[in-house]
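A.B. asks: sequence? don't have it. structure:
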């Protein structure tokens with residue numbers, strides 16, 4: 001898997017996880033989970049809080065969404081995928097039989113580690 005696709009996966013899954021009328025609140029909750037995980041794991045490189053905003057994710061945009069290295073560098077993206085894999089695995093366990101959790105992006109994150 002080429003590392004250049006990681007930002008695309010991050011954007012797509014964050015948009016999917018926060019899709020709905022409570023997008024900003026959902027993004028805030030996702031950031032809280034990410035921050036807590038990073039604190040517990042002692043993660044040195046973290047994605048910026050700005051990544052968890054509609055301004056960066058631009059849901060519904062018809063243009064390609066790129067993530068600046070200032071928002072999420074390569075090392076932070078690696079740790080982000082580790083967090084995302086654990087987060088999605090926990091969601092899948094708490095929602096057995098839900099086929100959404102087996103879409104290719106989610107499947108990738110859960111087994112990337």
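C.D. replies: Noted; the coordinates are in hand. Bear in mind that the values here come from a model prediction, so they are computed numbers and not experimental data.

A.B. asks: The nearest residue to residue 48 once chain neighbours are set aside and residue 7: what is the separation?
C.D. replies: Here the nearest residue to residue 48 in space, its sequence neighbours aside, is residue 71; by C-beta to C-beta, 6 or more residues apart in numbering that works out to 4.7 Å. In short, each C-beta sits where N, CA and C put it, glycine included. Counting by C-beta to C-beta, to the nearest Å, the gap from residue 71 to residue 7 is 9 Å.

A.B. asks: Ok, residue 57 next?
C.D. replies: Distance from residue 57 to residue 7, by C-beta to C-beta: 11 Å.

A.B. asks: any shared contact partners between these two?
C.D. replies: The contact sets of residue 57 and residue 7 do not overlap (C-beta atoms under 8 Å, 6 or more residues apart in numbering).

A.B. asks: Is residue 54 in contact with residue 27, as I believe?
C.D. replies: Yes. Shown here, residue 54 and residue 27 form a contact pair, counting by C-beta atoms under 8 Å, at 7.2 Å.

A.B. asks: Between the two, which is the more surrounded one?
C.D. replies: Each of residue 54 and residue 27 has its neighbours counted (other C-beta atoms under 10 Å); residue 27 has more, 22 against 15.

A.B. asks: name the helices or strands packed onto the lengthiest helix in the chain?
C.D. replies: If each helix of the chain is counted by residues according to DSSP state H, the longest one is helix 74-94. Judged by 3 or more C-beta pairs under 8 Å, 6 or more residues apart in numbering; DSSP states H and E, helix 74-94 is in contact with helix 6-17, helix 23-41, helix 104-112.

A.B. asks: looking at those, which is buried most?
C.D. replies: helix 6-17 (a mean of 19; mean count of other C-beta atoms under 10 Å).

A.B. asks: Between helix 74-94 and that one, find me the angle.
C.D. replies: Calculated by axes from the mean of the first three to the mean of the last three C-alpha atoms, to 10 degrees, helix 6-17 forms an angle of 40 degrees with helix 74-94.

A.B. asks: could you say what helices and strands helix 6-17 packs with?
C.D. replies: Right, helix 6-17 is packed against helix 23-41, helix 54-57, helix 74-94, helix 104-112 by 3+ C-beta pairs under 8 Å, 6+ apart.
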